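Colleague: mind folding the following:
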Amino acid sequence: MNRLLAKKWIIISCMGILLIPFGASAQNLLGDWYGTLEVQGMKLRIVFHIQKDSGTYKTTMDSPDQGAKGIACSATKVEGNQLEIALEKIKMRYAGQFTGGVIKGTFSQSGMEFPMVLSREAGEEEVVRRPQEPAGPLPYSAEQVYFVNKSAGGIKLAGTLTIPKGVEHPKVVILISGSGPQNRDEEVKAFHHRPFLVWSDYLTRQGIAVLRFDDRGVGESEGSQEGATSADFATDVESAVSYLRTRKDIGFSQIGLMGHSEGGLIAPMVAAKDQGIGFMVLLAGPGVAGDVVLRSQANRIGELSGGTKDVLEYNDRLRAKLYELVKTEPDTGLLKNKIQEYLLSLRTNPNDQHAKEITDKMIETQVHALCSPWLNYFIRTNPIDYLSKVHCPVLALNGDKDSQVLSEMNLKGIKKGLQLAGNNHFRIEEMKDLNHLFQTCKTGGLEEYGKIEETVSPKAMELVADWIVNGRG
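Modeller: Prediction:
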């Protein structure tokens, strides 16, 4: 079950693992092992550091592309020349065989499997160019700020406020990230892109102040993502708005919201309640119900990945039924039972050619995901309920090659919601050859994100800045 934003397909978690050494060859394991995990076109480097302490093997793990180092591993064990690495908490396992100086094995997590070879060679680190990121002295001020979300138990959130020089009472926009834990730059380490850093730099150079902040539980922000939903994240944004209204030293002329992906759902949630919001920019925001977004996303990514018509249709029917169970059963305990019963009924159907794919692990994974507060809430939510109460000027953009929040259906949904609100102050535009991150692309497939040097299309940034600066927002 894919989450909404292009950022969370990373399989490796920054947690410990279980390493199993092997008999007479165990001494050969000491030291560093390097591997590369390929997931949906992305390459994630993995490093295991193995030491021996008082007869016990201990291991730490690095995931350089995710900025994780020195992750303590759990335990070690040996059976012949077979190596097994596992962490049950996140359903992760690496099983391999030590032979010829390398370890050949398979990495698995939540029912998905990927081959991975570990060797002693680190290889050359890929040189990545991201020319749109700011370098050198900045022509604007950048201030570290903190604000408190009282409705979330008083957690303190941290961010950066960039303020243009020579502009009296500038407009200010709050950047709202997509799904999953994001830092203030909306950074995806596996792709080496920091979209919000680029957006913030560009908009501030055009005379617009920008507040971007670490999500709760990320970076310098307090709190936790555990159990939180889009509605909870909306209260974080509300606290950011309240903070900006206290800044009498700057005297912002307007406070606006700019949400990307799930942030494009959160922004209308806030603006529907707060009529003082001056304007809103939706970047690849959803305009249809969450279950429709997820089904269309999975189908499009499946098509780009070469899935057959039969498999795509089967999976879509499966998702449709599971999402319907979520939407009609509010009790989590009963929902869990219904999901298990439905999937078990498919597995025992002699006429179902895909029954063998419905393993115990697959059932456990689906139950855990669908009963989680975030996904459960998202599936049940329709953004039109909030868009229909938004009266401020709105700019809604999407790329025609977005494979995660498909542009046509979602832009139509946004337009419908704003029309229900009687809001005539909006502009909706589908941008040619742009993907979910607003990069100029060829297919919109996930594997392109890290390969594209461009972080954000200049055309998209120019359009947004012009719309805000010239009084349309």
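Colleague: where do the strands sit along the stretch 201-350 of the chain?
Modeller: Counting by DSSP state E, counting those that start in this stretch, the stretch 201-350 of the chain has strands at residues 209-213, 255-260, 279-283.
Colleague: which sections of this protein are below the confidence cut-off?
Modeller: 1-30, 40-41, 66-67, 75-82, 87-91, 100, 110-111, 123-127, 472-473 (pLDDT under 70).
Colleague: adjacent strands (with direction) for the longest strand seen in it?
Modeller: In the chain, assigned by DSSP state E, the strand with the most residues is strand 42-53. Sheet pairing for strand 42-53, assigned by DSSP bridges, gives strand 31-39 (antiparallel), strand 56-63 (antiparallel).
Colleague: any idea how far that strand is from the chain center?
Modeller: The chain centroid and the centroid of strand 42-53 are separated by 24 Å, computed with Cα atoms, centre = their mean, to the nearest Å.
Colleague: show me what counts as buried in it.
Modeller: By 16 or more other Cβ atoms under 10 Å, the buried positions in strand 42-53 come out as 42, 44-50. (Glycine included, C-beta is placed from N, CA and C.)
Colleague: pull that strand out as CSV, backbone CA atoms only.
Modeller: Extracted in CSV, the C-alpha atoms of strand 42-53 (Å, rounded to 0.1, in the frame of the first residue of the first chain):
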residue,chain,number,x,y,z
MET,A,42,16.8,3.8,-6.6
LYS,A,43,20.2,2.7,-5.3
LEU,A,44,20.7,2.6,-1.6
ARG,A,45,24.2,1.9,-0.2
ILE,A,46,24.4,-0.3,2.9
VAL,A,47,27.5,-0.8,5.0
PHE,A,48,27.9,-3.4,7.8
HIS,A,49,30.8,-3.0,10.3
ILE,A,50,31.5,-6.3,12.2
GLN,A,51,33.6,-6.6,15.3
LYS,A,52,34.2,-9.3,17.9
ASP,A,53,33.9,-8.5,21.6
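Colleague: go through stretch 368-378 and flag the buried ones.
Modeller: 369-370, 372-378.
Colleague: actually stretch 439-453, not the one I wrote
Modeller: 439-441, 444-446, 448-450.
Colleague: dump that stretch to CSV, keeping only the CA atoms.
Modeller: The C-alpha coordinates for stretch 439-453 follow below in CSV (Å, rounded to 0.1, in the frame of the first residue of the first chain):
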residue,chain,number,x,y,z
GLN,A,439,11.1,18.0,-12.2
THR,A,440,11.2,18.1,-16.0
CYS,A,441,11.1,14.3,-16.8
LYS,A,442,10.4,11.7,-19.5
THR,A,443,8.1,9.2,-17.9
GLY,A,444,7.3,10.3,-14.3
GLY,A,445,8.5,7.0,-13.0
LEU,A,446,10.0,6.9,-9.5
GLU,A,447,13.4,5.7,-10.7
GLU,A,448,13.9,9.1,-12.5
TYR,A,449,13.8,11.3,-9.4
GLY,A,450,17.4,10.8,-8.3
LYS,A,451,18.8,10.7,-11.8
ILE,A,452,17.4,14.1,-12.8
GLU,A,453,19.8,16.9,-12.0
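Colleague: ok, residue 98 touching residue 83?
Modeller: Yes. Checked against Cβ atoms under 8 Å, the pair residue 98 and residue 83 is within contact range at 5.8 Å.
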